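Student: Fold the following for me, if possible:
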Amino acid sequence: MKEKISINKLFLCIAFGSIMAVSVNYTDAPIKGWYILSVFVSVILSFILKAAPMSISVLCGLFCLSFCGIIDLKEGLNAYANSTVWLVLAAFILASSIINSNLGKRIALFLIRIFGNTPLGLAYSICLTELILAPVVPSNTARGGGIIAPIVNSLSNSLNSKADINPNKIGAFLILVGSHANLITSAMFLTAMAANPLMAEGIKNILGIDFNWAIWALGAIVPGIISLALLPLLIYYLQKPQISSPINSKQIVVEEMKKIGETSYSEKIIGVILIFLFLLWTSKSFHGIGTTEVAWSGVLFMLILKAENWKNVLNNHIAWDTFIWLGGLLSLSVLMAKYGIIEWLVSNIRNVSISSNELIVLLIIAILYFYSMYLFSMLTAHITAIAFPLMATALYFDANPMITACLFAYFSCLCGCLSNYSTGPIIVYFGLGYVDNKKWYKTGFIVSIYHLFIWIVIGLLWWKTIGWW
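Tutor: As a prediction, this is how the structure comes out:
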């Protein structure tokens, strides 16, 4: 497959970074830190403009810094030894096995068979499938766009609701539930979205908090479950399906099950391994085994027991591509902190005059961060370009570091509700054609208010209950 690289856009990114770099004499920033920031900004601009694949953009930035003598190569590649990067790689390998073995699809069909006798029952089946798969499928695109969206489309078609014929019968309702449920579950677990570990690393570097798997899940569990439980009801009100008679979901499921056949050896082994991993991740405080070590034990058991083969692992280009760009972005983030540019940015935030109440300041900054997603076409670019400076700003105003970490971590996924281009699964769901542009944006804005209410009001109460502020 030919890579999409725009020379003109790349030139624009390089020119912008170069102009920024030579303006170092007009600032009082640390010189090396400013150069690294210039390269970082160029890389993020490349993400936004989609000038080149993310991995190519990141590698260009790292090797430019090394080639120009600003850093040495070993220093630039240091983050590839970070356990977070290896956690994501392991989780992507596990996710690929879940998809290839049809385990993910079987779980979805099983839940649909149990609960899918009504439109709301189908909606809750989608939400439950997302909740079960999210902790172990780090690609929200693979989970939402690769596993669940095709099933939603097939169900809608089976019920005579297609994009061009009766889309409002039930298809539009299920599409909106699936797309927004994906964002909620992506926010609930460190391993539910590829960019979440990037956010966790930023929280560690800027706020000094180890926002690991267990802490991430603990902070999200109450607002996440509540928002996921009420989502189908909200979407039902906004996009009421036109089906009144009971749905014969069992017949639909039987037909789909025939296509994937009997439960395979790989599915059984992978299913047991996933339960094993989940139990170890949630009980770290008892055994002390790291999240990354647990994930790789699952991968190795899967290979040893022949539920997956090494050739498939090597051919998993999405996993290795994510490994490259995530490790590179972490390197740039660490380098900016090491050479003082983050500290310089914080120290220069002097001209903002807003309320002196730390919590109000934090909420204003977090909400601005949430709605700035309108300007971005990728959650990862939004995180790397906006989250870290705004977290540093919140820190300057003495905002509670733990609450800052929570709001930025969870909002980084939830803000994808705003547009039809925010992330992979949203693009897939919107691309099915059941919901027009106007309806998508209107629904997205209402859902954004819904998220802000639950994750701020209920979230703050929950975080107070567990002693985080």
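
Student: Next, give phi and psi for residue 72.
Tutor: Per-residue torsions, residue 72: phi -90, psi 160 (degrees, to the nearest 10).

Student: who are the neighbours in contact with it?
Tutor: For residue 72, the contact set (Cβ atoms under 8 Å, 6 or more residues apart in numbering) comprises residue 66. To be clear about C-beta, it is placed using only N, CA and C from the backbone, and glycine gets the same treatment.

Student: Settle this for me: residue 53 is touching residue 321, isn't it.
Tutor: Yes - Residue 53 is within contact range of residue 321, at 7.4 Å (criterion: Cβ atoms under 8 Å).

Student: following the helix or strand hosting residue 215, which helix or strand shows up next?
Tutor: Element membership for residue 215 (DSSP states H and E) is helix 213-238. Once helix 213-238 ends, the next helix or strand along the chain (criterion: DSSP H and E) is helix 249-260.

Student: Which other helices and strands does whichever strand or helix holds residue 8 contact?
Tutor: Residue 8 is part of helix 7-22 when elements are defined by DSSP H and E. Using 3 or more Cβ pairs under 8 Å, 6 or more residues apart in numbering; DSSP states H and E, the elements in contact with helix 7-22 are helix 31-49.

Student: helices or strands up against the helix holding residue 215?
Tutor: helix 119-133, helix 171-188, helix 265-282, helix 284-287, helix 401-414, helix 437-453, helix 459-465.

Student: again, 7 Å this time
Tutor: helix 119-133, helix 171-188, helix 265-282, helix 401-414, helix 437-453, helix 459-465 (3 or more Cβ pairs under 7 Å, 6 or more residues apart in numbering; DSSP states H and E).

Student: Most tightly packed of those helices?
Tutor: Of all the helices and strands packed on helix 213-238, helix 171-188 carries the top mean neighbour count, a mean of 28, counting by mean count of other Cβ atoms under 10 Å.

Student: Tell me, domain by domain, which residues of this protein belong where.
Tutor: 1-75, 83-318 (automatic domain parsing).

Student: possible to save those as a markdown table with mean pLDDT and distance to residue 427?
Tutor: Formatted as a markdown table, those follow (pLDDT from 0 to 100; distance: least, Cβ to Cβ, whole Å):
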| stretch | mean pLDDT | distance to residue 427 |
| --- | --- | --- |
| domain 1-75 | 86 | 13 |
| domain 83-318 | 86 | 8 |
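
Student: Now those domains in TSV, please, with extra columns for distance to residue 426.
Tutor: TSV is the format used below for the domains of the chain (distance: least, Cβ to Cβ, whole Å):
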stretch	distance to residue 426
domain 1-75	16
domain 83-318	5
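
Student: most tightly surrounded among those domains?
Tutor: domain 83-318 (a mean of 20).

Student: so where's the stretch 301-450 of the chain shaky on pLDDT?
Tutor: 345-356 (pLDDT under 70).
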